[in-house]
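**Q** Sharing a model prediction with you, sequence too.
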Amino acid sequence: MKISSNIQENIAYFHQLLDVEKNFDVVYHSLEIGGRQACLYFVDGFTKDEVLLRLMQTFVTVKPQDMPENAHDFSKKYVSYGETGLETEDSPIVIQLLSGLSCLFVDGYDQCITIDCRTYPARGVAEPDKDKVLRGSRDGFVETLIFNTALIRRRIRDVAFTVEIMETGESSHTDIAICYMKGRVDEELLKKIQTRIRTLKVDALTMNQESLAECLFPHKWFNPFPKFRFSERPDTAAASILEGSIVILVDNSPACMILPSSVFDIIEEADDYYFPPITGTYLRLSRMTVSLLTLLLTPVWLLFMQNPAWIPDWLAFIRLSDEIYVPIIYQLLILEFAIDGLRLAAVNTPSMLTTPLSVIAGIVLGEYSVQSGWFNSETMLYMAFVTIANYSQASFELGYALKFMRVILLLLTSLFNLWGFLAGLLFTVCAIVFNKTIAGKSYIYPLIPFSWSECKKRFLRGRLPHTRV
């Protein structure tokens, strides 16, 4: 519906459309400007009251003979706030109103004047709990989109840096920001992402970035290895943009999506670059080694326990010292699921009780489960290492992908011994090798296709001008 020049018609229509009588936070304020009736709609809690107060003080001083003939001239002359716009259709007006803009209707004008004096409730840009660094900046993304783009813009002061705003969701109308560097970004991938977002047919992005990720890449959901890299650090996002990657920010989400992302991109962390090259290289190689150990440690140990004759003398200490009451495979599988149960319990435990309950769980469950015969101490030791080592890298998605592959390896090794272990290893390698990034390129580049110069950059921390974060 188009806006009428009759103020009474506009008031009656928008009162009914917005259900002002029931929605207490949708505020309607009637006023007089230059002898004409006017009305102002805004959402309580989304508006800077001091800005509206100054505007109303200005409106009071307007005389009838000074009123312009159209809304455009009026907004230029009397709406002294910089971010204003004009709308003639009801749909964009409602969307902008519910996004926090104030909407002004004046009798005689067939356009609505939108005033962007909004403010959103937001927490401080503190360091994220998961993406912590030993040295470096301590700020992190928050749930407010404009704050997140400002954190990146603060680090990239270049006219080539572009932030495009898009919108999706028939009910939510969620704002999505696409950040990239002109001249460095993969234009074909950028156009593909923009097209997919424009053509999305979803009611709402209820789970923010995960909902968007599943819409952008709906195929091959059965492969657990992540296609996207998620980060809550603006320095990581800025470095990725400078390297030619695309960063997607979703309103109400305190993390960004970085794409395209290979397995080496996901393993990397900011700490690799906040230390000198030798230290950064050590940290990177240590993280890769520990990630590999989390995948192979318990399956290899299970294989040796099923074939004690294969254990060399220098590894004789890995043999079980106590009698086995529960088969080892059952012990390992029970612990795999029990650890996730304890992790979920820790997430939902009040913060003041997390530490004491974790200590109690570690002592009581660990000690008495061994004494009762449910678990052998060696099983508890190796699973404890795998659990702790899983936190050596920041990606939850990669950690769970390795966990799923480890469980498959354990099951196949238990059922088919050496051939099952080799089959599980082959299955894991295929899941990684035949995976593709969202750009359709190799997931393990630069190994396939092989590039020696890129391999050195991936495995060895180079000088800062050539770094990847």
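**A** Done, it's in. Keep in mind it's a predicted model, so treat the numbers as computed, not measured.
**Q** From now on I want contacts and neighbour counts done on CA atoms only, so please keep to that.
**A** Will do.
**Q** Against Arg157, how distant is the residue in the chain sticking out farthest from the centre?
**A** Computed with CA atoms, centre = their mean, the maximum C-alpha offset from the centroid of the chain is found at Gln65, amounting to 54.2 Å. Applying CA to CA, to the nearest Å, the value for Gln65 to Arg157 is 46 Å.
**Q** got the buried residues for stretch 413-428?
**A** By 16 or more other CA atoms under 10 Å, the buried positions in stretch 413-428 come out as 413-414, 417-418, 420-421, 423-425, 428.
**Q** Revised request: answer the last question for stretch 393-408.
**A** For stretch 393-408, the neighbour count (16+ other CA under 10 Å) marks 393-395, 397-399, 401-408 as buried.
**Q** Let me have those in JSON lines, extended by distance to Ser99.
**A** Formatted as JSON lines, the buried residues of stretch 393-408 follow (distance: CA to CA, whole Å):
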{"residue": "Gln393", "distance to Ser99": "37"}
{"residue": "Ala394", "distance to Ser99": "33"}
{"residue": "Ser395", "distance to Ser99": "32"}
{"residue": "Glu397", "distance to Ser99": "32"}
{"residue": "Leu398", "distance to Ser99": "35"}
{"residue": "Gly399", "distance to Ser99": "37"}
{"residue": "Ala401", "distance to Ser99": "37"}
{"residue": "Leu402", "distance to Ser99": "41"}
{"residue": "Lys403", "distance to Ser99": "41"}
{"residue": "Phe404", "distance to Ser99": "41"}
{"residue": "Met405", "distance to Ser99": "43"}
{"residue": "Arg406", "distance to Ser99": "46"}
{"residue": "Val407", "distance to Ser99": "46"}
{"residue": "Ile408", "distance to Ser99": "47"}
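**Q** what's the most distant pair in the residues you listed?
**A** Farthest pair in those (CA to CA) is Ala394 and Ile408. Separation: 22.8 Å.
**Q** Tell me which helix or strand comes right after whichever strand or helix holds Glu214.
**A** Assigned by DSSP states H and E, Glu214 falls within helix 209-216. Next along the chain after helix 209-216, taking DSSP H and E as the criterion, comes strand 229-231.
**Q** and for that following strand, what are the contacting residues?
**A** 131, 237, 255-259, 261, 265-266, 395 (CA atoms under 8 Å, 6 or more residues apart in numbering).
**Q** isn't Leu460 right up against Thr279?
**A** No - at 10.2 Å, Leu460 does not count as touching Thr279 under the criterion of CA atoms under 8 Å.
**Q** Of those two, which one has the most company?
**A** More neighbours surround Leu460 than the other of Leu460 and Thr279, with 18 against 14 (other CA atoms under 10 Å).
**Q** quick one, what contacts that one?
**A** Residues near Leu460 by CA under 8 Å, 6+ apart: 277, 281, 284-285.
**Q** Now for this protein, the helix or strand with the poorest mean pLDDT.
**A** Using mean pLDDT, DSSP states H and E, helix 351-360 stands out as the lowest-scoring helix or strand of the chain, at a mean of 67.
**Q** Tell me how far stretch 26-38 lies from the chain's centre.
**A** Taking CA atoms, centre = their mean, to the nearest Å, one finds the center of stretch 26-38 at 42 Å from the center of the full chain.
**Q** Can I get it in PDB? Just the C-alpha atoms.
**A** C-alpha atoms of stretch 26-38 as PDB (Å, rounded to 0.1, in the frame of the first residue of the first chain):
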ATOM      1  CA  VAL A  26       5.300   0.300  19.700                       C
ATOM      2  CA  VAL A  27       5.000   3.900  20.700                       C
ATOM      3  CA  TYR A  28       2.800   6.400  18.800                       C
ATOM      4  CA  HIS A  29       3.300  10.100  19.500                       C
ATOM      5  CA  SER A  30       1.100  12.800  17.900                       C
ATOM      6  CA  LEU A  31       2.400  16.300  17.400                       C
ATOM      7  CA  GLU A  32       1.900  19.500  15.400                       C
ATOM      8  CA  ILE A  33       4.500  20.800  13.000                       C
ATOM      9  CA  GLY A  34       3.900  24.100  11.300                       C
ATOM     10  CA  GLY A  35       0.200  24.000  11.900                       C
ATOM     11  CA  ARG A  36      -0.100  20.500  10.400                       C
ATOM     12  CA  GLN A  37      -0.900  17.300  12.300                       C
ATOM     13  CA  ALA A  38       1.900  14.800  12.400                       C
END
